[in-house]
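K.L.:
Give me a 3D structure for the following:
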Amino acid sequence: MEKNILDCVIIGSGPSGYTAAIYAARADLKPELYTGLQAGGQLTTTTEVDNFPGYPEGVTGTQLMMDLQKQAERFDTKVHFETITKAEFATQKGGVHTLWAGDKEILARTVIISTGASAKYLGLDDEQKYAGGGVSACATCDGFFYKGREVIVVGGGDTAAEEATYLAKLCSKVTLLVRKGEFRASKAMVHRVMNTENIEVKFHHELIGIEGENNLVERAVVINNQTKDTAKIEVHGIFIAIGHKPNTDIFKGQINLDENGYILTEKGSSHTNIPGVFAAGDVKDPVYRQAITAAGSGCMAAIDAERYLAELEG
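P.N.:
Residues are numbered from 1 along each chain as shown. Model prediction:
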């Protein structure tokens, strides 16, 4: 029995995946989308989203993803609440790519990878308890909610320095906890931090606990890892800024990745080094990491996939 070969399979279900599905479906590619473990992606872990166009009153991350899913399904995208666990890509143009969701084998002429990147956390139980109630991994996404309040940023690299300086424009005070006795950030970013009046840097300090009522952050418990003294700092928000990990493990050895694991694409496009395989969203974007930029790159990937298939048909 001849196996069914799909025109387009989309791996991942954040803004990039669903937008790719909308465009691919409207191009009659009959896409099938595999959501992964976290249907809707990282945005479902946030509460209010105020910076996505078209929602003047704001929207929850979960509702936004549900809206995008419904829009994709309106154009007959088939959504599978399953995880792609293995991939074998054909290296020649026009080849058929093979994916697996557990034991199920899926064949596709084009694949759009939109598996995103996961924020790194410290591993404290309190991080999960207060997620959405004061603990965040994205200052650009959630900083507005702490306007005029005091917050903490955890980290010593460029991400932490950038988050701290961004929040300093909105918040009354930013305390930056740096685990070591020096920054890992670039000199330019360190200079910016040290010259921002309302940022206080605490070297040799680590976050070890979070306290609050009704799952809302009220205090951070920190330790000086030299003296072993602990202290509590009254804050409303805690931003974990120790980096992101792109979800690319199953593609290693096939797709070209940068030194941090992000998928490399041709400049100005979503093309990877594998013909017929495209990347969109945070899995290829270590810089912006926004829902709207992810959605835009999902559009690009679907258009690139459509044009690739058109070329094959001559």
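K.L.:
Surely Gly12 and Ala39 touch.
P.N.:
No: using Cβ atoms under 8 Å as the test, Gly12 is too far from Ala39 to be in contact (9.9 Å). The C-beta positions use only the backbone N, C-alpha and C, and glycine is treated the same way.
K.L.:
Which one's more surrounded, the two?
P.N.:
The neighbour count for Gly12 versus Ala39, taken as other Cβ atoms under 10 Å, is higher for Gly12 (31 against 20).
K.L.:
per-residue pLDDT, the more buried one?
P.N.:
According to the prediction, Gly12 has pLDDT 95.
K.L.:
same question, Lys228
P.N.:
96.
K.L.:
Tell me who's in contact with it.
P.N.:
By Cβ atoms under 8 Å, 6 or more residues apart in numbering, Lys228 lies in contact with nothing.
K.L.:
swap in the one 3 residues further on?
P.N.:
With contacts defined as Cβ under 8 Å, 6+ apart, Ala231 is in contact with 221-224.
K.L.:
10 Å - rerun?
P.N.:
Taking Cβ atoms under 10 Å, 6 or more residues apart in numbering as the contact definition, Ala231 lies against 202, 205, 219-224.
K.L.:
can you check Lys78 too?
P.N.:
6, 9, 21, 25, 30-34, 72.
K.L.:
Could you tell me which of the residues you listed count as buried?
P.N.:
6, 9, 21, 25, 31-34, 72 (16 or more other Cβ atoms under 10 Å).
K.L.:
show me where the stretch 1-150 of the chain has strands.
P.N.:
Assigned by DSSP state E, counting those that start in this stretch, the stretch 1-150 of the chain shows strands spanning 5-11, 32-34, 48-49, 59-60, 78-80, 86-88, 97-101, 104-113, 117-119, 135-136, 150-154.
K.L.:
Report all helices and strands that the third one contacts.
P.N.:
By that I understand strand 48-49. strand 59-60, helix 61-74, helix 139-142 (3 or more Cβ pairs under 10 Å, 6 or more residues apart in numbering; DSSP states H and E).
K.L.:
out of these, deepest packed?
P.N.:
helix 139-142 (a mean of 21; mean count of other Cβ atoms under 10 Å).
K.L.:
and the closest residue to Tyr146 other than its chain neighbours, how many residues sit next to it?
P.N.:
Excluding its sequence neighbours, the residue lying closest to Tyr146 (Cβ to Cβ, 6 or more residues apart in numbering) is Gly237, at 4.3 Å. Residues within reach of Gly237, counting by other Cβ under 10 Å, total 24.
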